[in-house]
Each structure stands twice: as structure tokens, then as C-alpha cells.
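A.B. asks: Structure for the following, please:
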Amino acid sequence: MPALANTTARKFNLTRRFALLSLVSISILTVALWLTVSHYLTKETLDREWETTAKFIRTETRQSVTAEDFNVRDLSAVAEKFEKLRRRITAMPDIVRIKVYNSRGVIVWSDEERLAGTAFSNNDELQQALQGKVVADLSSVAKRENIFERASFQRLVEVYVPVFAEDGIEIVGVIETYKSAEALFRDIQRARMAVLAVTAGGGLLLYLSLFAIVRQAAKRLDEQQKNLLAMQSELNASQRMAAIGEMAAAVAHGIGNPIASIRAAAQVAKIECEERNNCDYGQRNIENLSNIIREVDRVQKRIRGLLNFARPLEPRPSTVNVNGILQDTAQALSARFQEAGVKPVWQLDPKLPEIAVDPVHIEQVVQGLLVNALEATPPGGTVTISSKTVPSKNSSQTVLLAIEDTGEGIPLENRERVFEPFFTTKPHGTGIGLPLAKKFVERNGGVILIGAGSRRGTRVQITFPVSTAH
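C.D. replies: The predicted structure is shown next:
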């Protein structure tokens, strides 16, 4: 039992440890995957958005202005062209404002006229655009050049688009657009949430699948451990039975013949004393000889029980009515019931099906259990003898026999030991009655259990499958 408890604890620890470690590992993997995919998705979406915006702006710029318009001294001369360009560019969804820089970084035109002719040398994004790179910056309109946007906007995306000359190499200027990206970022956030849901669902599915596999493996490991312990217990029991068999044979061989000789001599002496009226021994010696014979019979009975326990006879099953065995055995013990002041209570099922068992074995089992119940029940008590049909786990029928007394009961710590050979709590008990009964029951395909009775006493129940009758 301690080994089984340790195995169960190991199984529990294994399952719990795997559950925690796999949950942490899969959670970390899920978060990392979500962050990676979300970053890639966001970057690709924004890059594609800015490239599309840049292509649109360059196309509109070529159709509205020329390369020379970016470097004119008289800004008013190109104002109408850039105004036309603004209208065409702001027709694109979400673009709300533009600024036009020349190749020196000076604003040559803006829809905010007060910015015309100014330059902002500390604008890193503009400097990168003047080197030919499309730059996008999520601005909180905190730069110096955003002074006129702060009143109307809180967050904008600044897209700097370099404009090339006809040769495609020289940069003649930069078009800066202010784009409201609320809808874009809202779509990106929805996509991130969708990715999170998919990765979390996949991680959860992976976790549950692995947990189910490990749990099943732990269950099979536990079953194998139980089978191994059962096989080890059976092996130990077989070894003990072999030792007991050798011991029983030695005991029977060593004292069987002398005891038989003692009994025969005592019986002859008793007969002679009974036949001779003037026997010197008298009535007292006749009683002593009777005691010798009785005690020899008792020793021989114990030797036979020991031999039967060590090498029980193989069952010879036949179809029997168990109710008849119960009634006949109890009837044979009726004198002992009356002497003990104990009343038998019958609860037999009249429709009990017949089963295939060895009637001699079952009779010995019932007799031993009834004697135990009688000895445990105080005067005025009862011994309940019952039988009924109950369903089993595989949907077939099972015959259940029960003998219940109203004695003091068996302490809980002793219930698991009552079937151990030579364990007894009786002053003159041999400790082989219940183990022998268990052997007989199991050899006939049954199961015997012992527990507390409904009224404090002890209840022993035996079950036999009805299928053994076929």
C-alpha cells in the first residue's frame, strides 16, 4: 500500500509538473509568436501603405508641377500649381495637409501660408527623405513645424516623399503629407487581435493535446505499476504458499502418525474401561480418555485445515442453487444458534439464478463464515443471511451472498489483514479460516469482501458471476 501511494503521488507530481511547465512554455511561445507575427504584420502593412501613398503623390506631382517649380524664387508664381496639387493629393482618403520642400529643406509651399519660406534643420525625417528615402513618422504634432497642426490634430502620420528629376537620380524636393491614420491603426489593431486569438487558440489546443497525451501516459504507467505490484504480491503469496505447503506436509508427516497412534490407544483404553465394570480407572479416567480423543481430533482437524490451505483441492463445478446451500448449512448449525442465543434472519431471493461452483467448497466457506458470525454475536443478537441478484460492470448479472452479524465488528486497521495467513484476534484461532475461504471463493470465480455491517457488526459478502453457469 505505501508503494502504491508513492506511485500515485509520483503520477500526480508528474502530471502537475508537466501541466505547469508546458503551460509556461506554451504561453511564452504563444506570446513570442504573437509579437513576432504582429510586428511583421504591422511593419508590412505600414510599409505597403506608405509605398502606396508615395507612388500616388509622385504620380500627382508629375502631372501638376515640374522640377523647376521647387526652386523658383517667386513663390507666388507656383502657388496655384501647388494648390492644384494639394487638392489632388488630399482627394486621397485620410490625407489632411501637405508641405512642399525644395532640395535645401526650405518650405516652398504649404496649405498653411505662414510656413512658406521657413526651414527646420533639426528634422531628421526630412533629411532622410532628401537622401531619397520614403520616411513615415507617427507624430504627436510636437515638432517645431507642427505648431499650426496642434490645435486641430492630436496624432498624425507624417509621410515624407522625395521627388526626383527626369533622370531619376537628382532629388528636386520633398512632399510631406499629414495623414490621419486612425482607421489604419484600427484595422491593424483588429488584425493583431485576430492573430492573438489564433495563436492563443492554437497554443491552448496544443497544451490540451499534450496534457491529454501525458495524462493518458501517466495513467498507463500507473496501471503498469499496479499490475507489477499485483504480480509481485502474487509471487510473494505463491512463495509463502509453497513454504506453507512444505511446512504443512512436514507437520502432517511428523505428527500425523503419532497422533493417530495416541488416539487409537486412548480409544481402546476407553472401550475396555466401559466394558469392565470393575475398571480400576473408573469414570474419571473414562472422561480423561474422552478428552484425549477430543483434543487429538481437534489437532487433526487443524492439520487438515492447514493442508487444505496450502494445497486446496481444485474445484469441481456443477450447477447449484446457492440458497439451498445457505439453508442446509445454517440448519446443520441450528443447535449452535440455539445454544448461543442467536437468531438467524433470512433475506433470500426466491428467484436467485443457479451458478456453476463447487458445492463442497461453497459449503465450507458458508460454514466457516456462519461460525465466525455466531462467535462474534452476543446472546440476543442476530445473523442475517441474504442473497440477491445484482448487475455487474459489464452489464451481466451477479449473484451476491452476504452474512452479517450484530457483534462488535472488526477494527478498520484489521480489515485488510483478516485474509492474511495466520492472522487472528481470537485467543484459540488458527488464522487460516478466512484465508482458506478467500482461496475457495476465488478458485470458483468469485470475490469476497469484508466490511462494516449496517448495525455496527461485520458484513461479509461474496459475489459470483452468473455467466459461470453457462
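A.B. asks: Three-state assignment for the closest residue to residue 433 other than its chain neighbours, please.
C.D. replies: Closest residue to residue 433 apart from its sequence neighbours, by Cβ to Cβ, 6 or more residues apart in numbering: residue 368 at 4.9 Å. For every residue, glycine as well, the C-beta is placed using N, CA and C. Assigned by DSSP: H, G, I helix; E, B strand; the rest coil, the conformation of residue 368 is helix.
A.B. asks: what sits against residue 368?
C.D. replies: Applying Cβ atoms under 8 Å, 6 or more residues apart in numbering to residue 368 gives the contacts 433-434, 436-437.
A.B. asks: Per the annotation, how does the chain divide into domains?
C.D. replies: 2-189, 318-469 (automatic domain parsing).
A.B. asks: so which of those gets nearest residue 224?
C.D. replies: domain 2-189 (9.7 Å; Cβ to Cβ).
A.B. asks: roughly how far out does the closest one sit from the chain middle?
C.D. replies: Offset of domain 2-189 from its chain centre (Cα atoms, centre = their mean, to the nearest Å): 52 Å.
A.B. asks: swap in stretch 382-389?
C.D. replies: 39 Å.
A.B. asks: Identify the residue spatially nearest to the residue positioned nearest the centre of the chain, adjacent ones excluded.
C.D. replies: By Cα atoms, centre = their mean, the chain has its centre lying nearest to residue 215, at 5.4 Å. Spatial nearest neighbour of residue 215, excluding adjacent residues (Cβ to Cβ, 6+ apart): residue 15 at 5.8 Å.
A.B. asks: Give me the pLDDT value at that neighbour.
C.D. replies: Note for residue 15: predicted pLDDT of 73.
A.B. asks: That one: what secondary structure?
C.D. replies: Secondary structure, three-state DSSP: residue 15 is helix.
A.B. asks: looking at the protein, which helix or strand is least sure?
C.D. replies: Every helix and strand of the chain was ranked by mean pLDDT, DSSP states H and E. The lowest is helix 282-310, at a mean of 65.
A.B. asks: And the next helix or strand past that one?
C.D. replies: Later in the chain than helix 282-310, the nearest helix or strand by DSSP states H and E is strand 318-320.
A.B. asks: Could you pull out the buried residues of that following strand?
C.D. replies: Neighbour-count burial for strand 318-320 flags residue 320 (criterion: 16 or more other Cβ atoms under 10 Å).
A.B. asks: next one: stretch 205-213
C.D. replies: Buried residues in stretch 205-213 (16+ other Cβ under 10 Å): 207, 211.
A.B. asks: go on, stretch 396-403?
C.D. replies: Buried, per 16+ other Cβ under 10 Å, within stretch 396-403: 398-403.
A.B. asks: do the same with stretch 320-332
C.D. replies: Residues 320, 322-323, 325-326, 329-330 are the ones in stretch 320-332 that count as buried (16+ other Cβ under 10 Å).
A.B. asks: one step back: what's the distance between the residue nearest to residue 433 and residue 203?
C.D. replies: In this structure, residue 368 and residue 203 are 62 Å apart, going by Cβ to Cβ, to the nearest Å.
A.B. asks: now do residue 113
C.D. replies: Going from residue 113 to residue 203 by Cβ to Cβ gives 56 Å.
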